[in-house]
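1. I would like the atomic coordinates for the input below:
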Amino acid sequence: MNLIYHIQAQLVYYILALVTGILTAVYRTIQGFIKAQKISIEEQRLAQAHYNHGTRDLLRYNMHFIAKEVRKAGCCCHADKENMDAMYKSYKELGGNGHMDQIYREVMEAPSPPTSNSYFECTPKGGDL
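-> Predicted coordinates for the structure are as follows:
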C-alpha cells in the first residue's frame with residue numbers, strides 16, 4: 001500500500017510539473033503576442049502620424065498654389081473654389097492650424113471669371129496664365 005501511495009504521489013507531482021510547464025509556455029506565448037501587438041499598434045500610430053503630417057503638407061502646398069494662381073488671374077473658377085474648400089476641410093481635420101484661414105478666405109472671396117465657361121476657366125488679368 002505504501003508503494004502505491006508513493007507512485008501516486010510521484011505521478012501527481014509529475015502531472016503538476018507538466019501542467020505548470022504547459023501553462024507557463026502558453027502564458028509566455030500569449031505575453032509575447034500581446035507585446036508584439038502593442039509594438040505593432042505603436043508602429044501603426046507612428047506611421048499614421050507621419051502620413052497625416054505629409055498629407056497636411058501636400059494640402060497646404062496645393063492651397064498655396066491655387067491662391068497664387070488666383071492672385072495672378074484676379075479671379076477664381078468654381079472648380080478651384082470647390083477644390084480649395086475640400087482641401088481646407090481635410091487640412092483642418094488633419095490638425096491644421098489657422099495658417100491657411102486667410103488664404104482660404106482670399107480664394108473663396110475671389111470673384112468668378114467673366115467667361116461663359118467659368119466652372120473650369122479663369123481669364124487672367126491681362127492675358128493667359
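
2. buried residues in stretch 81-94?
-> Judged by neighbour count using 16 or more other Cβ atoms under 10 Å, the buried positions of stretch 81-94 are 81, 84, 87-88, 91-92, 94. C-beta coordinates here come from the backbone N, C-alpha and C atoms, glycine included.

3. Assign residue 111 to helix, strand or coil.
-> The three-state assignment at residue 111 reads coil, by DSSP: H, G, I helix; E, B strand; the rest coil.

4. what's the burial count for the residue lying closest to it once chain neighbours are set aside?
-> Distances taken as Cβ to Cβ, 6 or more residues apart in numbering place residue 75 nearest to residue 111, at 5.0 Å, with adjacent residues excluded. When neighbours are counted by other Cβ atoms under 10 Å, residue 75 registers 18.

5. Where does residue 75 sit: helix, strand or coil?
-> Residue 75 is classified as coil under three-state DSSP.

6. Next, give phi and psi for it.
-> phi -150, psi 170 (degrees, to the nearest 10).

7. right, and it touches residue 109 too?
-> No. With contact defined as Cβ atoms under 8 Å, residue 75 does not reach residue 109; the gap is 11.0 Å.

8. residue contacts, residue 66?
-> The contact partners of residue 66, taken as Cβ atoms under 8 Å, 6 or more residues apart in numbering, are 76, 80, 83-84, 107.

9. repeat that with 6 Å
-> 80, 84, 107 (Cβ atoms under 6 Å, 6 or more residues apart in numbering).

10. Can you give me the distance of it to residue 42?
-> Separation of residue 66 from residue 42 (Cβ to Cβ, to the nearest Å): 37 Å.

11. what does residue 65 give?
-> Residue 65 sits 35 Å away from residue 42, going by Cβ to Cβ.
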